[in-house]
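Trainee: Take a look and give me a structure for this.
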Amino acid sequence: MRGDWKLSGGDECALSCYNRTNQNSAVNLAKGGMMMTKKVAIVTGASSGIGKQIAKNLNRNGMEVYAVARKVYQMNDLDDLGIHTRHLDVSDYDEIDRVVDEIAQETGRIDVLVNNAGLGVFGPAEEVNLAAGEYEFKVNVFGLMKMIQAVLPYMRQQHSGRIINMSSIDGKIYNLLGSWYVGAKYAVEGISNALRLELKPFGIDVIVIEPGAIRSAWKDTATGQMVAQAANGPYAKLARKSADFFTLSYKFASEPRVVARMVDRAAFSRRPKTRYVGGAGAKPILALHAVLPDKCFDAFLDSLNVLAQRVLNRQTAFNR
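Mentor: Predicted coordinates for the structure are as follows:
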């Protein structure tokens with residue numbers, strides 16, 4: 001195994017068996033001239049951060065990886081690793097059909113779909129432009145569903161496949177001024193639960209990844225837009241409080257490779273879990289949410305926001 005991540009003993013065995021199967025498949029391919037039997041994975045939103053790390057890990061561990069994203073120019077390093085890159089905007093449903101069909105024609109199969117593409121719209125529900133909220137759901141929910149619709153005919157024909165949906169602990173809890181983002185992630189959770197039952201008869205697993213705080217550039221962009229949008233309005237203080245919480249929490253955020261490891265387990269385990277939770281703060285916060293009444297959890301979240309403001313204010317005063 002490579003040195004920067006580690007699977008459990010059972011998962012290492014599964015990965016070893018997977019690699020031996022691929023070696024045997026390569027022999028069969030050479031003898032019979034058949035279509036590719038090496039397992040094929042599609043990773044959306046693979047031009048940076050979490051998606052790029054997922055693509056690298058799956059490729060390193062023996063899958064034929066197709067990394068798709070809008071910013072193809074940011075994926076040159078993936079090309080150098082032998083990963084296939086394609087332009088794909090998950091809000092363009094016609095392009096989804098075309099790209100998935102092209103991949104299926106090239107490889108003869110689709111085994112793993114990692115629905116990683118997404119964005120975050122944060123701000124007061126009253127003030128967020130409805131078009132921005134609609135676009136959030138178009139990417140995070142409808143784009144995810146369209147990707148699933150596109151790959152399912154191939155997975156059903158194989159009677160095997162894994163759909164790995166990127167959610168968040170915000171799909172289980174909530175945060176200040178996060179109604180649009182939280183709503184989209186709750187939708188991903190519900191969709192995944194229903195699909196798990198729906199696709200089980202066809203040998204297709206549906207798995208959810210629930211990260212905590214992970215270093216990601218779009219979070220900084222989203223919180224900056226939130227503060228700017230609420231400036232001088234009735235929600236300005238709440239926006240500053242929420243932004244301070246994000247600023248402090250991301251000082252302790254985990255690296256994207258933590259999420260990529262969870263995806264590795266989901267992709268290679270013989271019997272994958274329905275959910276993988278990880279990253280800074282994820283497990284303790286979900287555990288608290290499971291036992292606290294709603295209003296107590298509300299108070300807990302508010303105390304975290306207040307604490308973040310105090311800590312950052314002290315740091316600012318100290319640095320003067």
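Trainee: Regarding V277, which helix or strand does it belong to?
Mentor: Under DSSP states H and E, the secondary-structure element containing V277 is strand 275-278.
Trainee: Quick check: next helix or strand after that strand?
Mentor: helix 282-291.
Trainee: just to revisit the earlier point, output the strand holding V277 in PDB with nothing but the alpha carbons.
Mentor: Only the C-alpha atoms of strand 275-278 are listed here, as PDB (Å, rounded to 0.1, in the frame of the first residue of the first chain):
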ATOM      1  CA  ARG A 275     -22.100   6.100   5.200                       C
ATOM      2  CA  TYR A 276     -18.600   7.200   5.900                       C
ATOM      3  CA  VAL A 277     -18.000  10.000   8.300                       C
ATOM      4  CA  GLY A 278     -14.700  11.800   8.900                       C
END
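Trainee: Show me what it is packed against.
Mentor: Packing partners of strand 275-278 (3 or more Cβ pairs under 8 Å, 6 or more residues apart in numbering; DSSP states H and E): strand 204-211, helix 256-268. No exception for glycine: its C-beta is placed from N, CA and C like everyone else's.
Trainee: quick one, helices of the stretch 151-300 of the chain?
Mentor: For the stretch 151-300 of the chain, the helices defined by DSSP state H, counting those that start in this stretch cover 179-199, 217-230, 236-249, 256-268, 282-291, 294-319.
Trainee: Output these as CSV; include the columns mean neighbour count.
Mentor: Output for those, formatted as CSV (neighbours: other Cβ atoms under 10 Å):
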stretch, mean neighbour count
helix 179-199, 18
helix 217-230, 17
helix 236-249, 19
helix 256-268, 23
helix 282-291, 14
helix 294-319, 13
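Trainee: For those, which has the smallest mean pLDDT value?
Mentor: Note on the helices of the stretch 151-300 of the chain: helix 217-230 shows the lowest mean pLDDT, a mean of 76.
Trainee: ok, and what's touching that one?
Mentor: Under the contact criterion Cβ atoms under 8 Å, 6 or more residues apart in numbering, helix 217-230 has outside partners 48-49, 119-124, 127-128, 177, 181, 236, 238-240, 242-243, 246-247, 250.
Trainee: swap in stretch 129-143?
Mentor: By Cβ under 8 Å, 6+ apart, stretch 129-143 touches 44, 90-91, 93, 96, 117-121, 180-181, 183-185, 187-188, 191.
Trainee: Can you lay out the helices of the stretch 151-300 of the chain as CSV showing distance to V68?
Mentor: What follows is the helices of the stretch 151-300 of the chain, written out as CSV (distance: least, Cβ to Cβ, whole Å):
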stretch, distance to V68
helix 179-199, 18
helix 217-230, 17
helix 236-249, 28
helix 256-268, 15
helix 282-291, 27
helix 294-319, 35
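Trainee: wait, which of those helices is closest to L81?
Mentor: helix 256-268 (13.9 Å; Cβ to Cβ).
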